[in-house]
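> Show me how the following folds:
(2 chains)
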Amino acid sequence: MCAAVKHSTRGPALIPRMKTKHRIYYVALFSVVLLGLLATGVFQFWPHSIEASGDWAVEKRSAALPVVRLPSDSPVPERGDLSCRMHTCFDVYRCGFNPKNKIKVYIYSLKKYVDELGAPVSDTISREYNELLSAIADSDYYTDDISRACLFVPSIDLLSQHALRIRETAQALAQLSRWDRGTNHLLFNMLPGGPPDYNTALDVPRDRALLAGGGFSTWTYRQGYDVSIPVYSPLSAEVALPEKTPGLRRYFLLSSQMAIHPEYREELEALQAKHGEALLILDKCTNLSEGILSVRKRCHKHQVFDYPQVLQEATFCVVLRGARLGQAALSDVLQAGCVPVIIADAYILPFSEVLDWKRASVVVPEEKIADVYSILQSIPRRQIEEMQRQARWFWEAYFRSIKAIALATLQIINDRIYPYAAISYEEWNDPPAVVWREFPDRLVGYPGRLHLWDHEMNKWKYESEWTNEVSMVLTGAAFYHKYFNYLYTYKMPGDIKNWVDAHMNCEDIAMNFLVANVTGKAVIKVTPRKKFKCPECTAIDGLSLDQTHMVERSECINKFASVFGTMPLKVVEHRADPVLYKDDFPEKLKSFPNIGSL
Amino acid sequence: MQFWTRKSLWLALSASWLLLTLLGVFPLLRLAVSPRPQPAAPQGWPCWLDAALLRSFSQPEEPLEDAPQPPQAPHGASCSWGICFDASRCRGTGLKVFVHTAAGPTSEMHRRILASLEGSHYHTRSLGEACLLLLLLSPDAPAGRCDPDPHHWDGGRNHLVIRLHPDPCPQASQLGQAMVAEANPRADTFRPGFDVALPLLPKAHPFRGGAPGQLRQHSPHPRAALLALAEEGGRWRMAGTHSSTCPWDGRCEQHLGPEQNSPEDKLPNATFCLIPGHRTEASRFLQALQAGCIPVLLSPRWQLPFSEVIDWTKAAIVADERLLLQVLAALQEMAPARVLALRQQTQFLWDAYFSSVEKVIHTMLEIIQDRILGASAHPSLLWNSPPGALLALSTFSRNPQAFPFYHLQQGSRPEDRFSALIWVGASSQPPLKLIEAVASSQHCAQILVLWNSEKPLPFRWPETTVPMTVMEGHRKVSDRFFPYSTISTDAILSLDAHSSLSTSEVDFAFVVWQSFPERMVGFLTWNHFWVEAEGGWGYTAEMANEFSMVLTAAAFYHRYYHTLFTHSLPTAMRTLVDEAPACVDVLMNFLVAAVTKLPPIKVPYGKQHQETAPLAPTVPGSGSRPQAPHQDCINQMAAEFGHMPLVSSRLRLDPVLFKDPVSVQRKKYRSLEKP
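Reported below is the predicted structural model:
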């Protein structure tokens, strides 16, 4: 900057004395500057060169990292034990006593690994792996105390096997300070295997380490030990697809992947020929003009579609395996609220240990690809809508970011270690909502009361005797499960308990609200009884007392309804009497002959 | 002139310089700022300022993936549902199961399993029709008999091999492409979604019905033992109480007298049952489940039964045996609500899937059926909440709210309309008055007449505001409970042509039904009782203080029970009803009680004292002659169900002001009280 200022201030002084020679000199200088300017511009805005500059930055930074030289004879871990389970290969003692029932995760510090000749073992860390480690470091699981950790995450990026030198990476793992045959180490990998046979799990020898992998198959996945994770789609962050209301869409079935085996593409195209417009089979575009990102476009004949937006136009979207079982397209499809039709034999779906994929996807064997249309046609519309909603929700909760993927993985491992504090099926699979629980069951009492909506005052009103309906029973004498006492004491919402204490009234109404809210059921009023007190003793100070009482009780109902945010009480028109109540039958033979007093 | 050129030249020059510096310096600055991790950050993971510059793990220009490898020849360990089972063979007829009859010695258990298979509605006797072939390996077969029948074996494709006891035969993978249903299979060779994990059944496990759960007190009792520990020799050792502060080393074990040590089948009376992980201890799992003792499985080496569909985290705890101390501390501190929920679930699961051989076998077949159905299989809620997937048919609906049992749990309410289904028997008159009374109910949506009379149809039906349909019946009583597609509402009011009801009776009964949509709500009742002298059940229509059945001559119930009646009851029972029509009421009440475990509901009926037998235990098809209840059918039904499902009630639900000494004008259902 200083240099620039100097030039520009000195410049004008030189101008008057300029000669031809000088002019040539200045023109030359000007063109040099102009060239520089152009070069910088290109450097800044050319898509390829931004990575070059990134590389440069990373290179520079990695130069400052501590370097670990791996001798060629340094130990290589065993290949990996297929029989590993939590109780055989995982050292649970490290997780020890922990009042919060949360595992502690340690992240090794970043180092640069070079082989004997000084050549780096791998590229530096990828953006996603950096994000993943940051997510763990920001979470409750993180500890920076290696001696208290229960799970170790290396900062060696294994997300894509493509970028790795396998033997040297394994050697780098083996020299981690707490490696101990990989016990309690968690490795993340999304793109396993390489040509020609594309293994379905990471090829790096890793001994007993847990693998969170994308694209497991039934024969590489160690159930209850490994974690199957999604292949993250960078489009999740780049493109915002607003949630669309579920329902049948323009295309019934869409195939959008570019690398499909020709044989499968033929079968899909045959289907399209048969069913016409309902199907859309897209391929990569061959005739795009320069500068358009080919990953964001798909073509059908000469028609060009935007990807992933086109997915929102389809009810079902095919997710076929490519060379790998795990496909990033799954994430895009879920984001679009399109029901994935998964055609990848033996593929272990992401987070299948906890997610109920039946509710969000259709799995079709590769052999049955020709029948896929008729299989999908048999699904009722209502169910399709549920699946679309569920698909979108899975994406939002578990696919949308690297952070979501990392935290779900840790949660699954955490639940294995602290099963009594584990997250339930409903919490994993249902969008957050109130979950009703079945408990025994209703309040049973004698005098019944009713709540009514007062249309004039626009609020709730308490009603006492002689109504045709009942929504509460007085708890002066009532049967209920003692569990509700526990609920009353510990789970009463808001400040209702304080209100009751302050007014010395309405504890029974509060109980009625609580039970109805938990069970969703009405009370049961038994026998015709209307009051507890004997009829003769009531008429002491008559109406006025009665009226203030009613006003106060009405106030309670309005207060509680606002705290609960709803009116949980259920109105019924029946009461329970003995079978032969008031029937023409000998009183002596009746079980409960004395019932009937008010 | 030159001056201007020069000046503009200079201006352009300096402007360019300025731009160049601005553009050039910033990237350089960025590089300079964080060449190494932030030194002061307390966290072990650095926050890069230039994280955005990092390369993505998946490069967009990554070369297109190669063609997928040809599908590997499926065999043994690599088998999975889509690959080794040809579900298309089940497409036309649905799941049909053929059982290879086993030669050689058969055990009692073997016979019970065969009988259960034959009793299933998936069973077929024709090999050509079947899409699943079953092979039952006998536990006492000689080692050589493990080789499967070579006849229709076909490499094991579409076969299911049932192994009652662990390890009588080689590894599952050596059975070709066959699925294996095995008791307590080893967790490490089990193929999820392909094999089926069965429970290990004790030798004396009953064929049908089975003992109910043993839990009498759902919330933990302060003096009951907290823990029972499975010991060798089939005993349970009690340890620790809720009130004491026992250390966990077992020093304050309770030896609860001599009977504690003796009988093998003694069920543990504790809140939690610790079960070690060896497969030899797996048999204790069912005991704990039946007793309502929450199973705490310590690193089980075996697969939990039916783990494909049952969510065991709701009824059991799978913990690491090495963290025993921590597990025990967590159990001690577990919230009462959680304990209660877990215990309730043990009882439900025991009763729904495990208490008899028949239930276990039918559950196994239902799992296979669900795999074939794929997307329209039972959702998890139906498997894991009462009454369970065997009684909640997925062919009826996949939506839990469509079933009568989940209305309240799902926070929904049954709809406000009902369909009246009137059965006109052989010699009945057209029920003109009845139609008028029912049609004037504000809740009535439609009237369906099932015409089984020999008489010709009447020329004129009464004018009604609701649509009326007349259907010709086949003179079979079981037709009465057929799931007619014309029924458009959840609620059905089942009526006989002889029944006589007033509109307000119908209205009140319907409003009651809306509160109890899973039960039958009726007017006239029967009661069942045990006849000691005959060693059998009897029932009576006489007025009594209790009742356990309501007559279908006038009753509200959910239309789902028609589906259940027609599609889940064994054909034998429906044939029995067609031959002895009086039994149809008994059968319907048995069915509903077996599902709900609750009694039906009685509502007041005004006319029962004026006319001699108004609704009467008359038999459809037998004219108006009152008939004593057919005593024998209740015993036949009880034998078919394997237990007595009926539950007695002493309640009648009346309108709130029923017969109260208050002006009739204030009462909503005043006509119910007319003398």
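> For the residue nearest the centre of chain B, give me the pLDDT.
Taking Cα atoms, centre = their mean, the centroid of chain B lies closest to residue B:388, which sits 1.2 Å from it. pLDDT recorded at residue B:388 is 92.
> before we move on, what about residue B:401?
84.
> so it touches residue B:407, yeah?
Yes - assessed by Cβ atoms under 8 Å, residue B:401 is found in contact with residue B:407 at 6.8 Å. (Glycine included, C-beta is placed from N, CA and C.)
> that older thread, hang on, isn't the residue nearest to the centre of chain B packed against residue B:355?
No - using Cβ under 8 Å, residue B:388 is not in contact with residue B:355, being 11.3 Å away.
> Spit out the residues that contact these two alike.
Residues touching both residue B:388 and residue B:355 by Cβ atoms under 8 Å, 6 or more residues apart in numbering or on different chains: none at all.
> Let me see the ranges of the strands in the stretch 251-400 of chain B.
For the stretch 251-400 of chain B, the strands defined by DSSP state E, counting those that start in this stretch occupy B:253-254, B:270-275, B:294-298, B:317-319.
> Can you classify the closest residue in space to residue A:418 that isn't next to it in sequence by secondary structure?
With Cβ to Cβ, 6 or more residues apart in numbering or on different chains as the criterion, residue A:418 has its nearest non-adjacent residue at 4.1 Å, and that residue is residue A:101. The local conformation at residue A:101, judged by DSSP: H, G, I helix; E, B strand; the rest coil, is coil.
> Domain map for the chain?
No chain in the question, so chain A it is. Domain segmentation of chain A under the TED database yields A:64-232+A:401-425, A:238-400, A:435-530+A:543-576.
> Chain B, not that one
If you go by the TED database, chain B breaks into B:81-140+B:150-198, B:211-240+B:266-355, B:418-606+B:632-641.
> Could you pull up the contacting residues of residue A:558?
Counting by Cβ under 8 Å, 6+ apart, residue A:558 has contacts A:459-460.
> now residue A:505
Going by Cβ under 8 Å, 6+ apart, the list of residues near residue A:505 reads A:552-553, A:556.
> Now do it, the pLDDT please.
Residue A:505 is given a pLDDT of 89.
> before we move on, back to that, so the residue nearest to residue A:418 sits against residue A:416, correct?
No - Residue A:101 lies out of contact with residue A:416 (Cβ under 8 Å); the separation is 11.9 Å.
> and the residue nearest the centre of chain A, what does it touch?
Compute the mean C-alpha point of chain A, and by Cα atoms, centre = their mean the closest residue is residue A:397, 1.8 Å away. Listed by Cβ under 8 Å, 6+ apart, the contact partners of residue A:397 are A:404, A:408.
> so how far is residue A:334 from it?
10 Å (Cβ to Cβ, to the nearest Å).
> And for residue B:119?
For residue B:119, the distance to residue A:334 - Cβ to Cβ - is 43 Å.
> So those two - more neighbours on which side?
residue A:334 (31 against 17; other Cβ atoms under 10 Å in any protein chain shown).
> which residues does that one contact?
A:340, A:360, A:391-392, A:394-395, A:399.
> Before we move on, what's the pLDDT of it?
96.
> Quick check: closest non-adjacent residue to it.
In space, residue A:334 is closest to residue A:395, 3.7 Å off (Cβ to Cβ, 6+ apart).
> Am I right that the one you found is in a helix?
Yes - counting by three-state DSSP, one finds residue A:395 located in a helix.
> Output the contacting helices and strands for the helix or strand harbouring residue A:386.
Counting by DSSP states H and E, the element that carries residue A:386 is helix A:381-394. Applying 3 or more Cβ pairs under 8 Å, 6 or more residues apart in numbering or on different chains; DSSP states H and E, one finds that helix A:381-394 contacts helix A:329-335, strand A:339-343.
> Distance to residue B:320 added to the ones you listed, as CSV?
Shown next, in CSV, are the helices and strands packed on helix A:381-394 (distance: least, Cβ to Cβ, whole Å):
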stretch, distance to residue B:320
helix A:329-335, 32
strand A:339-343, 33
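> in the chain, what secondary structure element scores lowest on mean pLDDT?
Reading this off chain A. Ranked by mean pLDDT, DSSP states H and E, the weakest helix or strand in chain A is helix A:2-14, scoring a mean of 43.
> actually it's chain B I care about, not the one you picked
strand B:253-254 (a mean of 44).
> tell me which residues of stretch B:4-22 are tucked away?
B:6, B:9-10, B:13-14, B:16-17, B:19-21 (16 or more other Cβ atoms under 10 Å in any protein chain shown).
> Show me which of those has the smallest pLDDT value.
Among those, pLDDT bottoms out at residue B:20, giving 66.
> Pull up the residues of the stretch 201-350 of chain A that are close to chain B.
A:218-219, A:223-224, A:231-232, A:234, A:258-259, A:261-262, A:293-295, A:321-324, A:328, A:345-346 (Cβ under 8 Å from any Cβ of the partner chain).
> show me the contacts for residue A:255.
Contacts for residue A:255 (Cβ under 8 Å, 6+ apart) come out as A:268, A:279-282, A:317-318, A:320.
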